[in-house]
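In: Sharing a sequence plus its predicted fold:
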Amino acid sequence: MSVASTMTEKLTAAFRPARLEVVDESHQHAGHVGSRPSGETHFAVVIVSDAFAGKSRVERQRLVYAVLADELAGPVHALSVKALSAAEA
């Protein structure tokens, strides 16, 4: 299973998002620190979930990072997160 697929499954299970985008941006970082020729090292996530209601931007990012801890400790070098509540989307 690809890293993106694993991330999608984990985020879906944890947050039941109304919207979820997991975008592999590795091609934009070719030759940079942490990149690999096979890709799947740099990602951008946009997630909309009621689970983020009433939480600060930092709290939301920490929740996402906690769910993706294994990926961040291994194959993922960089992760950009935009986490919104349904009311903000």
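Out: Received the coordinates, thanks.

In: The helix or strand R62 falls within packs against which elements?
Out: If you go by DSSP states H and E, R62 is part of helix 57-67. Identification of packing neighbours for helix 57-67 by 3 or more Cβ pairs under 8 Å, 6 or more residues apart in numbering; DSSP states H and E yields helix 3-15, strand 78-84. Glycine gets a C-beta too; all of them are placed from N, C-alpha and C.

In: Return the distance of stretch 57-75 from the chain's centre.
Out: Centre-to-centre, stretch 57-75 and its host chain are 7 Å apart (Cα atoms, centre = their mean, to the nearest Å).

In: Would you mind writing the CA trace of that stretch as CSV?
Out: Taking Å, rounded to 0.1, in the frame of the first residue of the first chain, the C-alpha atoms of stretch 57-75 are listed here in CSV:
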residue,chain,number,x,y,z
ARG,A,57,-4.6,25.6,14.5
VAL,A,58,-1.8,24.1,16.6
GLU,A,59,-4.1,21.7,18.4
ARG,A,60,-5.5,20.5,15.0
GLN,A,61,-2.1,20.0,13.6
ARG,A,62,-1.0,18.1,16.6
LEU,A,63,-4.0,15.8,16.3
VAL,A,64,-3.1,15.0,12.7
TYR,A,65,0.6,14.5,13.5
ALA,A,66,-0.3,12.1,16.3
VAL,A,67,-2.4,10.0,13.9
LEU,A,68,0.4,10.0,11.3
ALA,A,69,3.3,9.5,13.8
ASP,A,70,4.5,6.3,12.2
GLU,A,71,4.7,7.9,8.7
LEU,A,72,6.4,11.0,10.1
ALA,A,73,9.0,8.8,11.9
GLY,A,74,9.6,6.9,8.7
PRO,A,75,9.0,7.6,5.0
